[in-house]
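> Fold the stuff below for me.
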Amino acid sequence: MISNIKRSTQLFAIAPLLLLIISKTLLILADSASQSFVWVAYVAEFIFLWHLIFENKKTDWLYSIVIGLLILGSIGDLFRIMHWPFGPIMFFGGLLGSMIMTCLFLYNSVKTTSKVVRYEMLMLSLCLIVQFAMAISILVLHGFWATYSKFLFYPIAALCGTVLLKNKYVNLGERNLTLYLLVHSLFIIIRLTFRLFA
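So this is what the prediction gives:
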């Protein structure tokens, strides 16, 4: 994985992806244990986000708040799947965190004083903005853009990987948000891939 990221963070990042792959593989084999692995995959993503909060310095408090909102959204997503109460409210908290994260990426990419424009971060911000616009249009146009919005996870994952490999982030908080976005995008891509071939 990315060489400048601590081994513990790498393990926490890889765990939910591996668990999701196991759950989807078991689902194809018609094994009843697959649902348990889905639960564990979501819990692993939740632990990964907590790890990122503890890894942040006190100076990165805003990034920790954003990651806290993303944790709320991750719990809300699980609650929605299980049809438990308050799922949509918590999911909205995660959506708010994603919006703030996009604003932080866009602000940091624009405020740079270097002559070389931080192209990857700017493109990442624009991809996220387009994804939000499509999400809003899904509500208005009743699913017309739903198929197209899912494809944005592929360039988002590629851009996050590029940013992390080139060390193009302002501080530890931004690196952690980019790492979360990479893992979350890969999480969605794995789900979509198994859905296509199931």
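
> CA only for contacts and neighbour counts going forward, please
Noted.

> Hmm, K150 and C127 touching each other?
No - between C127 and K150 there is no contact under CA atoms under 8 Å: 11.5 Å.

> which of these two has more neighbours?
Legend: neighbour count by other CA atoms under 10 Å for C127 and K150, higher for C127 (19 against 16).

> Buried residues, the strand or helix carrying that one. List them.
Using DSSP states H and E, C127 maps to helix 119-141. Within helix 119-141, the residues scored as buried using 16 or more other CA atoms under 10 Å are 120-129, 131-132, 134-135, 138.

> So which of these is the closest to I188?
Taking CA to CA as the measure, I188 sits nearest to Q131 out of the buried residues of helix 119-141, at 13.7 Å.

> which residues touch the closest one?
S149, L152 (CA atoms under 8 Å, 6 or more residues apart in numbering).

> need the next SSE after the least confident helix or strand in the chain by mean pLDDT, C-terminal direction.
Within the chain, no helix or strand scores below helix 146-150, which has a mean of 68 by mean pLDDT, DSSP states H and E. Next helix or strand after helix 146-150 toward the C-terminus (DSSP H and E): helix 153-165.

> what comes into contact with that following helix?
2-3, 120-121, 123-124, 127-128, 169, 175, 178-179, 181-183, 185-186, 188-189.

> Apply 10 Å and report the result again.
Outside of helix 153-165, the residues within contact range by CA atoms under 10 Å, 6 or more residues apart in numbering are 1-5, 118-128, 131, 166-169, 175-189.

> can you pull the buried residues of it?
F153, I156, A157, L159, C160, G161, V163, L164.

> Wait, F48 touches Y180, no?
Yes - judged on CA atoms under 10 Å, F48 makes contact with Y180 at a distance of 8.4 Å.

> What residues does L124 make contact with?
Applying CA under 10 Å, 6+ apart, we find L124 in contact with 102, 105-106, 109, 130, 155-160, 163, 178.

> Just name the closest of those to L52, please.
Proximity to L52 was ranked across these by CA to CA; first place goes to T178, at 10.9 Å.

> wait, doesn't the closest one sit right on S98?
No - the pair T178 / S98 is not scored as a contact, 11.3 Å apart, by CA under 10 Å.
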